[in-house]
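In: Next come a sequence and a model predicted from it.
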Amino acid sequence: MKKKDESEADTGPIAAPVGAETFSARSRAFGRRVRNEFVVPFRRETYADTGQHRPLYARLMYGLSIPIVVLWVLLACGLNAAGPQLEKVIEGHALSFLPDEASSVQALANMGKYFGNGGTNNFVAVLAEGDKPFGAEMHRYYADLMEKFKADKKHVITTIDLWSDPSFAPAFESRDRKASFSYLNLSGNMGTALAMESTQAVRDIVKAYPPPDGVKIYVTGPSAVVNDELLAINRSILPIIIACAICITIIMSLTYRSLFTASMPLLVVAVALVTARPIVALLGQHGIIGISIFASSLLAGIVLGAGTDYGIFLLGRYQEARRAGQDPTSAYYTALSSVQRIIFASGLTVAGATACMTLTRLAAFSTSGLPCTIGILTALAAALTLGPALLAIGCRLGFYEPRGDRAVRRWRRIATHVVRWPGPVLAGSLAVLALAILVLPTYVISYNERAAQPANTEANLGLDAADRHLPPNLLNPNLLFVESDHDMRNSADLIALAKLTNAVYSVDGVQAVQGITRPLISPLPQGTLTYQGGYIGERMSQIAEMVSTQLNGIARITGQIDQLSVGVKVVLRDLEVTQRAVDLPGGTGNATRQRLIELLKTAKSIHNEMQPMLASGIDTAGQLVDMVPDCRQLIPCNTALTGLAVLDGLNQAGGRKFEDLVDASRVASESLPNLVTQVRMLDRFLADSQQTLTPIRGMADSLLVQMNEVTAFLREIADTYMKGDPSGYFFLPSQAFESPLFQSALSVFFSPDGKITRMLVMGDVNSFSRESMDYSAQIIPTAKASLKGTSLGGSKVSIGGAGGTLLNIAAFAKEDFITSAVAAFAFVFCVVLLLLRSFVAAVAVVGTVGLSFLSAWGLSVAIWQHGVGLPLHWAVAPCSFIFLVAVGADYNLLLVARFKEELRAGIKTGIIRSMVGTGSVVTTAGLIFGFTMFALIAGYSSTLAQIGTTVGVGLLLDTLIVRSLVIPSIATILGRWFWWPMRVPCRALRETDPAVIRPTAGTSPA
């Protein structure tokens, strides 16, 4: 018989009943064992192979246990003392929420490029809420506050303060004038460390410059919502770690009923977590890996859960060997030899699956992969070094002894029933899982970032304040951009933009659009063709009144001309009678000359009154015609202008001719020989004037009637369209570009070169909802369709803001889910296949994990969506899938690997032995990991709580149903085919028979 080690002699195979020894004897024996621990590393026989084929690795772990523990403690303390804290690194190096190539990010970046100062997708709203209407004092404070924001060049890129502009103030304040808002574009894309720093800097400015009494200032908006959500996750780390530690300690203590036994896995996982965090922080600080706030929380959960499981696997196998009658040292080597491959494969599986998340594009996933991988690898290293070292110390000191075998008897009964009735057990288990899966068709993805954080964050409080005063979602608009190859600041392009605006406004879910054609959100009454028609109608009405007045004057003048013509004819008759007998002064000729002079004065007076009247009428008509848009390009309108110009020339020429005639008659009156000729010419001129004025009067009367009809028609059109569709038939004449309101709007909605314009699109549904995404998805195709055939056809249209961001998140999340799922499934399948050497067994292991995930997903939907009333966040399914596939595959792999180890006893007997040997161990591990994930509920983010619930439920289902019932039933039903293409024995082998389990090349089992 071989000589036992001193440690084996002290402990014995199973310690004698404690009551048989005195306390003093036990204390002395324990003291000897403790002193012996410091001698073990220096004994040569500790590392010698005693002929029992103990691996060198196991012997080194056994002999160097004390130095290994010291090294791990020093490593953990040194890294935490010298290295940075993970939370601080995340605050300074967090990556963008969306990748830079996302269309919404690109749209806002282009806006910054064209509008100046660079652009990010980090937009916040500064909302002011008061208990009374705002007055001059509030306006002064708000203007000063905006100046302070502008002074912070590092954090504030641009301010969009239109409330301070009286022209735009009504669109940026509530109707009760108790709330107003402005927008800020801050540095750093949403989710980055700079973005969070910028948001906090703006809030610090508000705190340093308090508002007037009764007024509250909120920094809110879409970017602030995401910022506060990430901060809530960051604040959740400490409560999560505490809750995880409490759950693990309680479950371990209840399971092992010994603090010493429970302390072994706890010490391993504690040292692993404390070591992994500064390693991740150092790598993140130097830019070697990407990190985010999600990474910190998920790292803590997965390291605590998986690391504890590895310690439980090792401890459980040790206690199983002790129950089988092995001495502590032999049980140590048995446990380490049989479990180290499983622990290594498990760690590799989880690390590889989480590393697959780096293939994703969303920072929430991609930045969580490598930190979790590093954490798992650290936990794996601790499990394969610190775990065996603690186990060696404990077994030499007499710790970790098994207590009772009730669990063994229970698992033997369960295994016997499963092997005896595999069909009914499998059918019943699948029915239970199917009930959970049937909930999935009702699954609704939540994109509500507001619901993913506490209700008392500043962003949520600000949006609540906005809802009390403003129309819904006014602070979370979509930003629509139209980019052209030319300057759009002209009437033709504004018509095209108005058409686009009206088309977008008609999309279901859109409640308002604010842009250059709607600077005050509601349509501009002056910006429609119907309004311009109504305006022309009003002008025509005024002209008609003037024409009517002038017609009355012409009628009066016509009467005077008739009287003058009669007088001229009398004079002409008298002159013809006395032409040959002209007397000297004082005679008949003198009287005739005197009468003629009086008539000439009357004619001069009539002419002086008539010529300005005609000139005014011609000028008024010219103005009326000239008001027609693009008159010079319209043939009828241009002809009318030409005719009026000719008429004006004739009026002026006729006036000069009449004046010449009057002057000539006055001169002729001094020399009677020519007087008759001049009077005859005057008579003919008056006759011609009568003939000219008569058709003019008739034409003017007819024109006056038509003008009244046109005026009434234009008024009716204007009134009808203003009541029915005030936004239709947009038109803004070039003169309107000079108005102060329009000049202010140009600088707000157009880039300096006029080649890009922006609009705000507000919805009537929750901005963080599926409905918001639905209407946002329709905006771009609707806008592009509306531009076809216009002067802006082919222009680039893009969208940013809340809706555009959610659309990108949805697209990336779907793509990332598929990518990570395929990669993780493939990686886990390869690892399992290499370990088991059986294609069917590998498919069963991975397939049942997928079944566990679908069931957990369905139950989580039932709990959160139908129970709590909060649908699952978009990040829950991808994250949960990675963790469940990785960890669930470990549990199934441990069981199936044990099947393979026990095959020499026969398929069914091996299944029973495997379930009895691993039942309590895997169940404990599953419960610990499951409740560790449940501890995520202790955080301040509902997203973490939902991930924890989904993973926790999945692990419980996998532990209690899939691993315990489904996989053994499948293995029993398939029999030898479960191990294809591996050859398995047809009968049970004796313990002394060599193993004949070997893979075959392309052959099936006989």
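Out: Thanks, I have it.
In: okay, now the domains of the chain?
Out: Domain ranges of the chain: 43-82+238-394, 103-234, 405-438+837-1006, 477-527+727-807, 529-724, per automatic domain parsing.
In: Can you add distance to Lys814 and mean neighbour count and give those domains back as a markdown table?
Out: Glycine gets a C-beta too; all of them are placed from N, C-alpha and C. Compiled in a markdown table, the domains of the chain are given as follows (distance: least, Cβ to Cβ, whole Å; neighbours: other Cβ atoms under 10 Å):
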| stretch | distance to Lys814 | mean neighbour count |
| --- | --- | --- |
| domain 43-82+238-394 | 10 | 21 |
| domain 103-234 | 15 | 20 |
| domain 405-438+837-1006 | 9 | 21 |
| domain 477-527+727-807 | 11 | 19 |
| domain 529-724 | 43 | 15 |
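In: closest to Ala466 out of those domains?
Out: Ranking those by proximity to Ala466 (Cβ to Cβ) places domain 103-234 first, at 5.7 Å.
In: Would you mind identifying the next helix or strand past whatever helix or strand Val822 lives in?
Out: Using DSSP states H and E, Val822 falls within helix 801-836. Remark: after helix 801-836, the chain's next helix or strand is helix 839-860, criterion DSSP H and E.
In: Output that next one as CSV - backbone C-alpha positions only.
Out: This file holds the C-alpha atoms of helix 839-860, laid out as CSV (Å, rounded to 0.1, in the frame of the first residue of the first chain):
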residue,chain,number,x,y,z
PHE,A,839,-22.6,16.1,-34.8
VAL,A,840,-26.0,15.1,-33.5
ALA,A,841,-25.0,15.8,-29.9
ALA,A,842,-23.7,19.2,-30.9
VAL,A,843,-26.9,20.0,-32.7
ALA,A,844,-28.9,18.9,-29.7
VAL,A,845,-26.8,21.1,-27.3
VAL,A,846,-27.0,24.2,-29.5
GLY,A,847,-30.6,23.6,-30.6
THR,A,848,-31.9,23.2,-27.1
VAL,A,849,-30.2,26.5,-26.1
GLY,A,850,-32.0,28.2,-28.9
LEU,A,851,-35.3,26.7,-27.6
SER,A,852,-34.5,28.0,-24.1
PHE,A,853,-33.9,31.5,-25.6
LEU,A,854,-37.2,31.5,-27.4
SER,A,855,-39.1,30.4,-24.3
ALA,A,856,-37.3,32.9,-22.1
TRP,A,857,-38.1,35.6,-24.7
GLY,A,858,-41.8,34.7,-24.7
LEU,A,859,-42.0,34.7,-20.9
SER,A,860,-40.2,38.0,-20.7
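In: now it, how far from the chain's geometric center?
Out: 32 Å (Cα atoms, centre = their mean, to the nearest Å).
In: what is the mean pLDDT for that helix?
Out: What helix 839-860 shows for mean pLDDT is 92.
In: could you point out which element follows that helix?
Out: Heading C-terminal from helix 839-860 (DSSP H and E), you reach helix 876-901.
In: what's the angle from that following helix to helix 801-836?
Out: If you take axes from the mean of the first three to the mean of the last three Cα atoms, to 10 degrees, helix 876-901 sits at 0 degrees to helix 801-836.
In: helices or strands up against the next helix or strand after helix 876-901?
Out: Under the assignment DSSP H and E, the closest C-terminal helix or strand after helix 876-901 is helix 907-934. Here helix 907-934 touches helix 237-256, helix 293-323, helix 406-420, helix 876-901, helix 942-957, helix 967-974, going by 3 or more Cβ pairs under 8 Å, 6 or more residues apart in numbering; DSSP states H and E.
In: so where is the stretch 301-450 of the chain shaky, pLDDT-wise?
Out: 404-405 (pLDDT under 70).
In: so how far is Ser776 from the residue lying closest to Ile445 once chain neighbours are set aside?
Out: Nearest residue to Ile445, sequence neighbours excluded (Cβ to Cβ, 6 or more residues apart in numbering): Trp874, at 5.2 Å. Trp874 sits at a distance of 15 Å from Ser776 (criterion: Cβ to Cβ, to the nearest Å).
In: Lys796 is in contact with Lys755, isn't it?
Out: No - counting by Cβ atoms under 8 Å, Lys796 stays clear of Lys755, with 10.2 Å between them.
In: circling back: which of the domains of the chain has the lowest mean pLDDT?
Out: Looking at these, the bottom one is domain 529-724 with a mean of 57.
In: Quick one: distance of stretch 777-792 to the chain centre.
Out: 23 Å.
In: same deal with stretch 71-88?
Out: From the chain centre to the centre of stretch 71-88 is a distance of 36 Å (Cα atoms, centre = their mean).
In: Please list the outside residues in contact with that stretch.
Out: Contact partners of stretch 71-88, identified using Cβ atoms under 8 Å, 6 or more residues apart in numbering, comprise 234, 237, 271, 274-275, 277-282, 284-285, 291, 296, 299, 382, 385-386.
In: Repeat the analysis, applying 7 Å as the threshold.
Out: 234, 237, 271, 274-275, 277-282, 285, 296, 382, 386 (Cβ atoms under 7 Å, 6 or more residues apart in numbering).
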